[in-house]
Structure formats: structure tokens, C-alpha cells
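[1] Quick one, what's the 3D model for this:
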Amino acid sequence: MAISKYLENGQEFWKVYIHIRSVNNKSKRFQKTVFRITTEAEARREEKRLIGQLSKEAQRFDGLGLSWYDVLHLWKKEVYAGYLGRITERSAEGYLSIIQKWTKPWNDRPASEITRADGRALLLLMEKNGLSRTYQIKVKNIINKVYSWGMEFNYIVGPNVSPLEGLMIDKGEEKAPDIFSLEEIRKFLAAAKALSHHWYPIWAFAILTGMRSGELHALTWEQVDLEKNLILVDRSYDSNVKIVGPTKGRYWRTVPINSSLRNLILDLKQNMNLVNSGFVLPRSKDWDNGDQAVPLKAFLRAIKVKPIKFHALRACFATQMLANGVSAPIVMKIGGWKKSATMDIYLRLAGVDTKGATDCLHFVPEDINFGDNVFSLTARR
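    Residues are numbered from 1 along each chain as shown. Model (predicted):
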């Protein structure tokens, strides 16, 4: 399946070629080529039309519907054409990369023949690979979404339910997230600054602003207003597709600049390479590729501080703000959190909602003597 551009008598045209193989008979192909299309947009519309047309022909030939790979491809086309609501191309790319990684053995099989046994095998595989329950649920939900779409449009013929629908994923024991205490934050940043570590300004920025990695990567000088002491957060870098787009929540927000952050920004302004590049923070290949956790964990091991994820720096920002009396709605507004459930976790970590609750318990006499003369309540009289 391809769209290509060619010249004819000095004029540019677009060509669309589509072929779809029979699931039952690999030698059977349904194919068609359309020439002399005048625009790329028209070519993409023609590609979508041909895929639908040839897919139906293949379905009639097979009586089974499309392969799982073809269903994924068609779903992606529908997203790009804007027919599936608010799913963005960026989100679709992320969803597809996840599905293709974990359902690769399903690719050449008719989607209608993928069973609940296959679904259970997939969940077991993710469990054996040590994936979190949250990630497993995410994979399950994405597959259910795509499979339901395929059934609705008759690309998947026969089944009336996704192979993962109804399968339970044990949430397991809830563990407190690994984040830094105030003392660990100070030790971490002090060591990084003392060593003039390349990542120091990025790490410090993350803890002082609560900004996500992609938002920090995309941060430019035009977003920093030192007169109003505000940072405008309205864009984010996606390492999967190497482009800058909207923030995760798809809305802009502002982050206040305190004195520590202001000094850091003024120091960064002395680096003319950064100023000329337009970006506030230094670039690195690791960061461009989305591997920001690698240098962080390596550095933390070197200074004998427990390794945490890069995203946990954002949690450090939230818990320290909450612990210092900033209300949860304000922290959510600054950090761009939408779900109160996430903030509830940070409230528990900060201990704000329970602080002082036991101050009313005065049961032990203050002058009690636990020396040699201990009276036994169980001693016989």
C-alpha cells in the first residue's frame, strides 16, 4: 500500500497503489492503482476509499474478515482522517506502537479467529515480562477499542466481543510510588550542580515546575516571561514521532517562577548556544529519543541515592507543594493534572490530609516511669 508522486509532461501527479491479500489463500491478491491525482490530500482520500473497497472484496472471498494487521492499518487511517472523534494522530501512533509490540503474533491471522485463549495468553505474557497492572489495563483497553471498531464496520466478521473483553487483571498490592524526600531532593540537585552535570538544569527545572519531560524538551525562550515571572506551557515534544505538538491535556497553562527557578533561568541565559537555538534547556540524544530515565538512574546510582523514574520528579514537585500548604486544586492547575485520583496519591504521600489528626490522643501519662519498678497489670494480687 503506497502513495507516490511522479512527473508527467512536467506536471506533478500522485499515484495510489493498494493491494490486500486473501487470508485463506496468500496467492490471491486484490489490488488496484489510480493515477493522475492532483493533490496529496485527494490521494489520501482515494487510498482510504480503495482500502475499504478491496477489503470488502477480500472479506467476501474469505468469509472471515480482515487480518489483525489490516484491521490496525484501517483503524489508523480512520484516526488520521478524523472520523474517530478526539483521538489525535500522536495518540494513535502511541496506541499502535503498543499494540503492534504485544500482538505481533496475531498480525497474519484473521482477526475473527483471535480467541479469549489468545487474550489470556497475552495477559500472561505481559505479566511474565513484569509489566505494571496499569500498563496491562492500558493494552487491554486499546485492543478492545480497536477490535470493537473492527466489528462495528464489519472488518471483523463473526465474533461479537473482543478476545480481551471481560478478562480480569488483578490490580495486585498497591505500592507507594518511589519519589524523593526533601533531603534527597537537596542531595541530588546539590551533587548534580557541583559536578556541572549536563542534565542538572533539566532535572532542577522538572522539580521546580512539575513540567513533563516533553514539555521541558519543547520549552523555548518565548514561553518564559521574566517580567511577570510566568512560564507558558502550551506545547510538548513527542519522542516517538520527533515532533512538537500540544500538551498531554491539550490545553495551555502557566507555571509561576520562584526565586530559585529565576536564578536557574538567568544562568541558562548566559549560554549563547541555548539562546541562539531558541530552547531553554540543553539538548541531548538520549532526551531526543525519549530515554531521559537512563542518565537519571545512572547518576543516582553513582551518588548512592535510590533510582527513580524521570516522571517521578514531577511527583516530587507535587508532594513538596502540598506539604508546604498549597491546595490540591492549585497544584493540579499548575502541573496540568486532570485526574483528582492522581492528586489523591500525592496527598497521601505528603501526609497533608492526615497531618495532626492524632494530636487529640493523650492516653499515656507524661510522667510515667519505665525504669526498674514496672507494675505488671497481669500480676496476681
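
[2] and residue 20, that one's in a strand?
    Yes. Applying DSSP: H, G, I helix; E, B strand; the rest coil, one finds residue 20 inside a strand.

[3] What is the neighbour count of it?
    When neighbours are defined as other CB atoms under 10 Å, residue 20 has 25 of them. C-beta coordinates here come from the backbone N, C-alpha and C atoms, glycine included.

[4] any idea which helix is longest in this protein?
    Across the chain, the longest stretch assigned as helix under DSSP state H is helix 40-62.

[5] Flag every buried residue along the helix or strand that contains residue 127.
    Assigned by DSSP states H and E, residue 127 belongs to helix 116-128. Neighbour-count burial for helix 116-128 flags 118, 119, 122, 123, 126 (criterion: 16 or more other CB atoms under 10 Å).

[6] Stretch 134-148 now?
    So, applying 16+ other CB under 10 Å, buried residues of stretch 134-148: 136, 139, 140, 142, 143, 144, 145, 146, 147.

[7] cool, stretch 316-327 as well?
    Across stretch 316-327, burial judged by 16+ other CB under 10 Å covers 316, 317, 318, 319, 320, 321, 322, 323.

[8] Can I take it that the fourth one is in a strand?
    No. Judged by three-state DSSP, residue 319 forms no part of a strand; its state is helix.

[9] What separation is there between it and residue 115?
    Per CB to CB, to the nearest Å, residue 319 is found 45 Å from residue 115.

[10] Okay, domains of this structure per the record?
    Per automatic domain parsing, the structural domains of the chain span 1-63, 65-175, 182-350.

[11] Can you say which of those domains is nearest to residue 360?
    The closest of the domains of the chain to residue 360 is domain 182-350. By CB to CB, the value is 20.9 Å.

[12] if I pick the closest residue in space to residue 318 that isn't next to it in sequence, what's in contact with it?
    In space, and not counting its chain neighbours, residue 318 is closest to residue 346: 4.3 Å by CB to CB, 6 or more residues apart in numbering. Going by CB atoms under 8 Å, 6 or more residues apart in numbering, residue 346 touches 315, 318, 319, 322, 331.

[13] Where does residue 346 sit: helix, strand or coil?
    Assigned state for residue 346: helix (three-state reduction, three-state DSSP).

[14] how close does it get to residue 295?
    The separation that residue 346 has from residue 295, given CB to CB, amounts to 25 Å.

[15] ok, back up a step: closest one of the contacts of residue 346 to residue 156?
    Of all the contacts of residue 346, residue 156 sits closest to residue 315, with 40.2 Å by CB to CB.

[16] Retrieve the pLDDT associated with the closest one.
    Per-residue pLDDT puts residue 315 at 92.

[17] so it sits right up against residue 176, yeah?
    No. Residue 315 is not in contact with residue 176 according to CB atoms under 8 Å; the separation is 10.6 Å.

[18] Report the set of residues contacting both of these two.
    Overlap of the contact sets of residue 315 and residue 176 (by CB under 8 Å, 6+ apart) consists of residue 349.

[19] So these two - more neighbours on which side?
    residue 315 (22 against 8).

[20] excluding its backbone neighbours, what's nearest the more buried one?
    In space, residue 315 is closest to residue 179, 4.7 Å off (CB to CB, 6+ apart).

[21] That neighbour contacts residue 308, doesn't it?
    Yes. If you go by CB under 8 Å, residue 179 and residue 308 touch, sitting 6.3 Å apart.

[22] So between the two, which is more surrounded?
    residue 179 (23 against 20).

[23] so what's the more buried one scoring on pLDDT?
    pLDDT, read off for residue 179, is 88.

[24] Doesn't it lie inside a strand?
    No. Residue 179 is assigned coil when assessed by three-state DSSP, not a strand.

[25] And it, how far from residue 348?
    Counting by CB to CB, the gap from residue 179 to residue 348 is 12 Å.

[26] do residue 106 as well
    Taken as CB to CB, the span from residue 106 to residue 348 is 39 Å.

[27] quick one: which of those two has more around it?
    The residue with more neighbours, out of residue 106 and residue 348, is residue 106; 22 against 15, by other CB under 10 Å.

[28] Least confident secondary structure element in this structure?
    Here the helix or strand of the chain ranked lowest by mean pLDDT, DSSP states H and E is helix 89-102, holding a mean of 81.

[29] which other helices and strands contact that helix?
    Judged by 3 or more CB pairs under 8 Å, 6 or more residues apart in numbering; DSSP states H and E, helix 89-102 is in contact with helix 68-80, helix 116-128, helix 133-152.

[30] Tell me the buried residues in it?
    Per 16+ other CB under 10 Å, helix 89-102 contains these buried residues: 90, 92, 93, 94, 95, 96, 99, 102.

[31] Same question for stretch 45-56.
    Of all the residues in stretch 45-56, those buried under the rule 16+ other CB under 10 Å are 46, 47, 48, 50, 51, 52, 54, 55.

[32] Show me what that stretch is in contact with.
    Taking CB under 8 Å, 6+ apart as the rule, stretch 45-56 contacts 1, 3, 16, 18-20, 30-32, 34, 37, 66, 70, 73-74, 77, 81, 155.
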